[in-house]
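*Asks:* coords please:
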Amino acid sequence: MKKLVAYITTGYPSLDFTVDMALALADVGVDTLELGVPFSDPVADGPVIERANLLSLQNGFKIDQLFEASKIIAPKIDTLWMGYFNPFYHKGVDLFISEAKNSGVNGFIIPDLPYEEALTYKPSIENAGLNLIDFIAPTDPRERIEMISKDAKKFIYLVAYAGITGAGKSESLEETISLVREYSKTDVFVGFGVNEKTAKEKAKGVDGVIVGSAFVNILLDESISDSQKIERVSNLAREIKEKINE
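*Replies:* Reported below is the predicted structural model:
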């Protein structure tokens, strides 16, 4: 069974909504939840997730709210915190490790922390029983793919293309996937540009997909109620999970 990882932005449109949305995603079979940590300059994300980040911050999001919500969410669904390194650095990686352990969160995804710099923090993260997810891109040379793959835990985040999330580009990943498989038995999940139209194709040869912008785009729709947003995102998650397992 191929897995579905779903991203939502913490605190948008509200913290209560984040909790309700997360629990609904667990109910429809989402395997792992990326709880996004709002940041003012989410460099790897496209305009959809960037807008949700900014709106959450405008609503007064604080890091303590991430910790608070996670205590309710993480016992119900495998949860990772996805955020940029700035908040981790300023609040202290040790604080995030401690709070993750307290809430049951299983690790971190930090897209702007290069593998080489991440090695500074990996030992303390892994010694706490947590995971720091590694990224591989189709532009990476064999030597780098080997280095990252051999060290990867939980799953490898395979970036579908060079660029930002939600752009919907397409390029062949077969060679990259083959190289990763050569060096690692760790699951490989494809992210960037995955939606209900692309999921089946992008899931070929890998163990799962990561979906963010397609869900957050629904959350940004101000013409529908919060309950309608939860219903639509849940239905979309169910549809994508079915398509990647056809």
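
*Asks:* where along the chain do the strands fall?
*Replies:* Using DSSP state E, the strands of the chain run over residues 3-9, 32-36, 78-82, 107-109, 131-132, 134-136, 155-159, 187-191, 208-211.

*Asks:* Out of those, flag the one nearest Glu146.
*Replies:* Glu146 lies closest to strand 134-136 among the strands of the chain, at 10.3 Å (CB to CB). C-beta coordinates here come from the backbone N, C-alpha and C atoms, glycine included.

*Asks:* Okay, now the sheet partners of that closest one, with direction.
*Replies:* Next to strand 134-136 in the sheet, as set by DSSP bridges, lie strand 155-159 (parallel).

*Asks:* What is the burial count for Lys204?
*Replies:* Per other CB atoms under 10 Å, the neighbour tally for Lys204 reads 12.

*Asks:* Relative to Leu173, how far out is it?
*Replies:* Distance from Lys204 to Leu173, counting by CB to CB, to the nearest Å: 8 Å.

*Asks:* Would you mind measuring from Glu242 to Asn217?
*Replies:* 20 Å.

*Asks:* Comparing the two, which residue is more hemmed in?
*Replies:* Legend: neighbour count by other CB under 10 Å for Glu242 and Asn217, higher for Asn217 (20 against 14).

*Asks:* Give me the residues contacting stretch 87-107.
*Replies:* Outside of stretch 87-107, the residues within contact range by CB atoms under 8 Å, 6 or more residues apart in numbering are 35, 37, 39, 63, 67, 70-71, 74-75, 78-81, 108, 110, 113, 121, 124-125, 128-133, 154.

*Asks:* what does stretch 2-9 give?
*Replies:* Outside stretch 2-9, the residues within contact range by CB under 8 Å, 6+ apart are 18, 21-22, 25, 29-36, 38, 49, 52-53, 56, 82, 187, 189, 191, 203, 206-212, 215-216, 219, 233, 237, 240-241, 244-245.
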